[in-house]
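Asker: quick check, what structure comes out for this input:
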Amino acid sequence: AMTAPTDMLSTMRLQLQAQRGQDHHAVHLTRQPSFNMDFVTRDALIRGTRNGAEALGLGDKIGTLTPGKRADVVVITSKRRISPSVNPLGTAMLQSTPTDMDLVMVDGKTMKRNGHLVGVDMEKVRAKPREDSRRIMEKLERRRPELILQKGEDLVSQLEKVQRACFASVY
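Answerer: Below you'll find the model as predicted:
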């Protein structure tokens, strides 16, 4: 099961936090307070776009808005913001979610407009994982009823144990 968002904005925020954590840790080892933040949101955006494309061997096709490359564009809206931002890039990088993506174009083709996917039956998309989950749980209940998680607080404590075990195995 996924326990973290998989969108690019969240991924870029995570790498921003990780890099800043490493930078601060290096200073803290000298027993000094860390005030400098050399790695900024613009750097995270570059790593997530241009550098990401280059790492995949696609830098000649995607990653920047350059003549001759694919027209992959994401426009983030501020329509749902309570107040205007003095740092639009910082706000977009640190506060936005996929719901704030107003327009998405892939290779020049509009995939999302006015915050909605174009040509996608969302009810049909949502129905498949619901049906898959129902079918999996049915089979599990028939074959291994002892694996069915209890509802309520018992479920929360079991999920917390699983999550702690997963994080422990990563570190």
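Asker: list the contacts of the closest residue to M93 other than its chain neighbours.
Answerer: If you skip the residues right next to it in sequence, M93 has T41 as its closest partner in space, 4.1 Å away by CB to CB, 6 or more residues apart in numbering. Yep, even glycine has a C-beta here, placed from its N, CA and C like the rest. Under the criterion of CB atoms under 8 Å, 6 or more residues apart in numbering, the contact partners of T41 comprise 16, 89-90, 93-94.
Asker: what about the helices in this structure?
Answerer: Per DSSP state H, the chain carries helices over the ranges 8-28, 41-46, 52-55, 88-95, 122-143, 153-170.
Asker: got JSON lines for the ones you listed, with mean pLDDT and distance to D107 too?
Answerer: Written out in JSON lines, the entries for these read as follows (pLDDT from 0 to 100; distance: least, CB to CB, whole Å):
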{"stretch": "helix 8-28", "mean pLDDT": "90", "distance to D107": "17"}
{"stretch": "helix 41-46", "mean pLDDT": "93", "distance to D107": "21"}
{"stretch": "helix 52-55", "mean pLDDT": "94", "distance to D107": "13"}
{"stretch": "helix 88-95", "mean pLDDT": "89", "distance to D107": "22"}
{"stretch": "helix 122-143", "mean pLDDT": "84", "distance to D107": "21"}
{"stretch": "helix 153-170", "mean pLDDT": "68", "distance to D107": "35"}
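Asker: how about these in TSV, adding distance to G115?
Answerer: Compiled in TSV, the helices of the chain are given as follows (distance: least, CB to CB, whole Å):
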stretch	distance to G115
helix 8-28	15
helix 41-46	21
helix 52-55	24
helix 88-95	15
helix 122-143	12
helix 153-170	31
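Asker: closest to L103 out of those helices?
Answerer: Among the helices of the chain, the nearest to L103 by CB to CB is helix 88-95 (13.4 Å).
Asker: and the closest one with helix 8-28, angle?
Answerer: Taking axes from the mean of the first three to the mean of the last three CA atoms, to 10 degrees, one finds that helix 88-95 is oriented at 90 degrees with respect to helix 8-28.
Asker: just checking, what packs against helix 88-95?
Answerer: Taking 3 or more CB pairs under 8 Å, 6 or more residues apart in numbering; DSSP states H and E as contact, the helices and strands that helix 88-95 lies on are helix 8-28, helix 41-46.
Asker: give me whichever of the ones you listed is most buried.
Answerer: Of all the helices and strands packed on helix 88-95, helix 41-46 carries the top mean neighbour count, a mean of 17, counting by mean count of other CB atoms under 10 Å.
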